[in-house]
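Participant: Take a look and give me a structure for this.
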Amino acid sequence: MRLQRLLLLTLLAGCIAAAADQNPKAFSGTWEGKYKDTVYCVLKVNAAEPLSGSMSVGQIDTDDAGDLKSAGPAAGDGYPLVNPRVEDGKLLFSWNDDSGDEPVKLELTIAADGHSELRFLSTPADVKIKPLKLARKD
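Facilitator: All right, here's what the predicted structure looks like:
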């Protein structure tokens, strides 16, 4: 009987954790990426139904390893997130800066320290970029 309760509690805790991982409110707010005191990325996420948001990114350049080597300031209100959704504890979305290029697929994950990583899931073959570190502004 005691073992059954323990198994039931473990299963229940797992279900609660899985539900929390799917909560869009965890991603809600404004996230900023900074490089040498320049805010080069502003990601705004609105967790209301339906999930929505926007992102503004300045000019960024990376070295051959994919690390940032320069970044210009993000400007304007940005462009809308396309098909934002939360899956497996990650915010997944596509985004296009209206340049006529194919939308880029991205994922945002939140670390235990409250910062996040913005990972590029699709980039042109000649572009290498490591995940960008973002901090919640509000």
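Participant: Now do the helices in this protein.
Facilitator: 2-21 (DSSP state H).
Participant: Could you count how many residues lie near Cys41?
Facilitator: 23 (other Cβ atoms under 10 Å). From N, CA and C alone the C-beta is placed, and that goes for glycine too.
Participant: Surely it is in contact with Gln59, unless I've mixed up the numbering?
Facilitator: No. In this structure, Cys41 is not within contact of Gln59 by Cβ atoms under 8 Å, at 11.1 Å.
Participant: Which residue, other than its chain neighbours, is closest to Asp61?
Facilitator: Ser70 (4.6 Å; Cβ to Cβ, 6 or more residues apart in numbering).
Participant: Extract the C-alpha set from the longest strand seen in the chain and format it as PDB.
Facilitator: Longest strand of the chain, by residue count under DSSP state E: strand 38-46. Coordinates of the C-alpha atoms in strand 38-46 are reproduced here as PDB (Å, rounded to 0.1, in the frame of the first residue of the first chain):
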ATOM      1  CA  THR A  38      24.200  47.100 -26.800                       C
ATOM      2  CA  VAL A  39      20.700  45.600 -26.800                       C
ATOM      3  CA  TYR A  40      20.700  43.800 -30.100                       C
ATOM      4  CA  CYS A  41      17.700  41.600 -29.600                       C
ATOM      5  CA  VAL A  42      14.300  42.300 -28.000                       C
ATOM      6  CA  LEU A  43      11.800  39.400 -27.800                       C
ATOM      7  CA  LYS A  44       8.300  40.200 -26.500                       C
ATOM      8  CA  VAL A  45       6.100  37.300 -25.600                       C
ATOM      9  CA  ASN A  46       2.400  37.600 -24.800                       C
END
